[in-house]
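Trainee: sequence plus the predicted model coming up.
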Amino acid sequence: MRRIRDHKKEYARRIANAAKRGLSRSQARGHARSGEASIRSASTKDAERLEAAYKALRQSGNQSAAAKSAGIAPERLRRFLRENALVERRGRSWKFTDDRLRQMTVISEGERRSVSLRGFDQASLNGQHLAAVQAFLTSNDIGLLLPFAGRAVIDAKGGTHPLETDPNALHRLAAAGSEQFLEIYRLIQ
């Protein structure tokens, strides 16, 4: 036998429970307004798609094409960008303001260090250095390391870490053990 539901009471209970938790009516209904946090956390699958769309947006500059390439709605991408303050609109173009922390391995002063880097630029510089080190270790071409001579990355606390360009130190580190690139880069929420 079917249970007869009282939708009015269920709705009132949902609104009352949300009020106890300090949430708005729109959040309680499950459709948070612009600027309000959703009460449901995004799944990891959604988070991966949103990150892929953000990466595509950085490359193409076209929001709808970036969303389409990741298989999400452009409105969902816009909301993700706005909630995480990843971009600002400057006229007809986008200014990227990604200041999220990234946990990365930095090769500096003859050793590997796990460091928190703030922002895309520092993480990108470190990632380019790590890719150059990998290419150097396979080809032994010192010219790959020259663009990083005298350059350093700045961690989240303001400390500088000069990028290692000494071939002997890099070979010594490579002989000590290896890491996969996936283990080197991680966003911190």
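Mentor: Alright, I've got the coordinates.
Trainee: contacts, neighbours, all on C-alpha from now
Mentor: Fine.
Trainee: number of nearby residues for residue 174?
Mentor: Neighbour count for residue 174, taken as other Cα atoms under 10 Å: 14.
Trainee: dump the helix or strand that contains it to CSV, restricted to CA.
Mentor: According to DSSP states H and E, residue 174 maps onto helix 167-176. Taking Å, rounded to 0.1, in the frame of the first residue of the first chain, the C-alpha atoms of helix 167-176 are listed here in CSV:
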residue,chain,number,x,y,z
PRO,A,167,73.3,18.8,-14.1
ASN,A,168,75.2,16.8,-11.5
ALA,A,169,72.6,17.6,-8.7
LEU,A,170,69.8,16.7,-11.1
HIS,A,171,71.4,13.3,-12.0
ARG,A,172,72.0,12.6,-8.3
LEU,A,173,68.4,13.3,-7.5
ALA,A,174,67.2,11.1,-10.4
ALA,A,175,69.4,8.2,-9.2
ALA,A,176,68.0,8.5,-5.7
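Trainee: I'd like the mean pLDDT over it, please.
Mentor: Mean pLDDT, helix 167-176: 89.
Trainee: which strands or helices does it pack on?
Mentor: Helices and strands touching helix 167-176, by 3 or more Cα pairs under 8 Å, 6 or more residues apart in numbering; DSSP states H and E, are helix 120-139.
Trainee: just the angle between the helix it packs on and helix 167-176, please?
Mentor: Using axes from the mean of the first three to the mean of the last three Cα atoms, to 10 degrees, one finds that helix 120-139 and helix 167-176 are set 80 degrees apart in direction.
Trainee: name the residues of helix 120-139 that are buried.
Mentor: 120, 122, 123, 125, 126, 127, 129, 130, 132, 133, 134, 136 (16 or more other Cα atoms under 10 Å).
Trainee: name the helices or strands packed onto that helix?
Mentor: Checking 3+ Cα pairs under 8 Å, 6+ apart, helix 120-139 ends up next to strand 101-108, strand 152-154, helix 167-176.
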